[in-house]
Structures are given as C-alpha cells and as structure tokens.
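**Student:** could you work out the structure for the sequence below:
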Amino acid sequence: MAYETIIWEQSGAIGRLTLNRPESLNAWTPQFGLELRTIIERDAADESVRAVLITGAGRGFSSGADLKAGFEPADDGMPDIGRELREIYHPIIAGIRRLEKPVVAAVNGPAAGIGCSLALACDLIMAAESAFFGLAFVNVGLMPDGGSTALVPPAVGRARAFQMALLGERIPAPQALEWGLINWVYPDDRLMAEAGALVERLAAGPTRSYASSKRALNHFIYGDLDAQLDLEAELQHALGRSQDFVEGAAAFVQKRPPAFTGA
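**Tutor:** Below you'll find the predicted structure:
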C-alpha cells in the first residue's frame with residue numbers, strides 16, 4: 001500500500017518507518033496519524049518483520065501536532081481532541097508497546113509534543129547530538145498526551161517528569177541521555193549508520209526472547225497504560241475546548257507569546 005505522509009520500507013526482516021512531512025518537521029495531521037496507525041498495526045506487525053526502525057525525513061523527527069492544520073471539529077465546531085487521541089494517536093502508542101518485536105527510534109532532530117511521545121514509546125532510543133526532546137504541550141495550553149505521562153516518569157523520576165510537563169522546555173539529546181530518557185547519542189553524521197547496525201543485530205536475534213521480555217517489562221512498568229491513555233484523552237479533550245488553548249494555538253501560528261487567562 002502506498003502512503004502519502006509516511007514511508008514504509010521492508011528490507012528482509014527489517015521494517016523502516018520514516019515520518020515524511022519534512023516541510024513541517026513531520027508534524028501530525030489526521031491523515032498522517034491514520035497512515036502511521038495502519039503501518040504499526042498491519043505492516044510492522046507482519047511476522048516477516050523482526051525489528052522496526054522509526055525516524056524522520058529532513059531536519060526533524062517530529063514537531064508534534066500540526067496546529068496550522070488544526071483538529072477535526074466536533075458537532076459544536078470545537079476541536080475534538082479526545083476523539084483523535086482515542087481513535088488515532090493513542091492506538092499508535094499502545095500498538096508500538098505491544099508489537100512483539102523491538103522498535104528503535106532514531107531521533108534525527110526535534111521531537112516535541114506527540115512527536116516526543118512517539119519516540120519515547122519505542123523500546124530503544126538513539127538520538128543525534130543536535131536533537132532535542134520536549135513535552136511542549138503546555139506552551140499552547142494543553143497537557144502531555146500520547147502516553148507521555150506514563151512513559152516519562154519511570155525514565156526520569158518524579159521531579160524531572162513534573163519539570164518536563166509544567167515547563168515544556170527543550171531537553172537536548174546529551175541531557176536526555178544523562179536523565180535516562182534515551183539510550184545513546186551519536187554525532188549527527190553517524191546516527192543512521194548506528195541505527196542501521198542496531199536494527200540488523202536485533203533482526204538477527206531471538207525474537208521470542210525479545211517478545212517475552214517486552215511483555216514482562218510492559219506489565220511491570222506500564223501495567224495501567226490503557227487507563228492512563230484514557231485519562232489523558234479525557235483531560236486533553238476538555239483543555240482543547242478552553243480559551244487558553246485557542247489563545248495558545250493562535251499565538252503559536254502567529255509566532256508571538258501567548259496571553260493565558262486560565263479560561
């Protein structure tokens with residue numbers, strides 16, 4: 001199947017998924033999300049694929065939701081963020097965690113918002129030295145979603161999880177490595193070669209061992225992932241109908257500081 005916003009390539013036992021909206025730093029639109037969900041649930045899940053690599057085209061991994069494109073509206077015309085999370089975004093995150101094979105993220109640039117959540121949902125994460133991570137949701141009046149409220153705390157601890165969620169700051173790749181958020185940092189020109197070598201090693205490894213390890217670690221670390229995703233969707237849906245989000249999104253598009261009022 002041909003995709004318009006994602007590139008899916010399979011070479012032997014390796015599946016490579018490239019987020020392919022480089023003109024927007026691979027920002028998410030509804031079509032992008034639907035294509036990504038289809039690939040995770042069908043192509044990457046195929047038994048012939050033994051390891052999966054996710055990266056981004058161009059200068060970035062993913063800048064998050066495309067605020068210029070907006071969200072699909074509900075019947076009252078307000079953004080229906082809850083529906084998009086439940087039907088598109090969150091099945092992608094849960095699908096990656098449940099794939100019975102290793103999934104590697106090669107973060108080649110900015111990973112922000114849901115783009116950061118996508119990277120952190122992967123089993124092993126490597127990044128270019130110039131890359132950064134950020135739960136930038138707060139900057140537009142939203143809260144972290146994409147499972148990041150479940151994925152981040154076990155990696156970095158309580159204090160840093162609150163720091164990332166409430167301040168929305170950029171975490172440079174070397175700092176993300178120091179915090180335990182990711183596994184490796186490489187010079188930009190070495191990232192993809194290192195990623196290719198890693199997925200080749202994994203694809204040649206004991207797939208049943210990987211699947212069992214992943215299932216056991218998921219159970220211990222993310223045992224309530226489904227409930228957490230539902231809670232994120234509920235809370236985010238309400239925030240998406242707030243005046244602060246309207247202001248935050250407008251300020252982002254207009255490239256000015258937002259004036260939040262708490263409404």
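
**Student:** contacts for the helix or strand hosting Phe252, please.
**Tutor:** Assessed by DSSP states H and E, Phe252 sits inside helix 243-254. Contacting residues not belonging to helix 243-254 are listed as 67-68, 70, 79, 139-142, 239, 257-263 [CB atoms under 8 Å, 6 or more residues apart in numbering]. Where you see a C-beta, it was placed from the backbone N, CA and C, and this is true even at glycine.

**Student:** mind redoing it with 6 Å?
**Tutor:** Under the criterion CB atoms under 6 Å, 6 or more residues apart in numbering, residues 67-68, 140-141, 239, 258, 260, 263 lie in contact with helix 243-254.

**Student:** stretch 221-236 too?
**Tutor:** The contact list for stretch 221-236, computed with CB under 6 Å, 6+ apart, reads 81-82, 85-86, 90, 143, 145, 147, 150, 154.

**Student:** over to stretch 41-57?
**Tutor:** 8, 13-20, 22, 26, 62, 95, 101-106, 108, 195, 199, 202-203, 207.

**Student:** from these, which ones fall inside strands?
**Tutor:** 8, 14-19, 103-106 (DSSP state E).

**Student:** out of the residues you listed, who's nearest Ser212?
**Tutor:** Val103 (15.6 Å; CB to CB).

**Student:** give the burial count for that closest one, as a bare number.
**Tutor:** Other residues near Val103 number 24, with proximity taken as other CB atoms under 10 Å.

**Student:** show me what it is bridged to.
**Tutor:** Judged by DSSP bridges, the bridge partners of Val103 are Val52.

**Student:** so who does it touch?
**Tutor:** 52, 96, 122-123.

**Student:** in helices, which of those residues appear?
**Tutor:** Taking DSSP state H as the definition of helices, the contacts of Val103 contribute Ile96.

**Student:** most neighbours among the contacts of Val103, which one is it?
**Tutor:** For the contacts of Val103, neighbours tallied by other CB under 10 Å; top is Val52, 28 neighbours.

**Student:** how near is that residue to Met143?
**Tutor:** Taking CB to CB, to the nearest Å as the criterion, Val52 is separated from Met143 by 28 Å.
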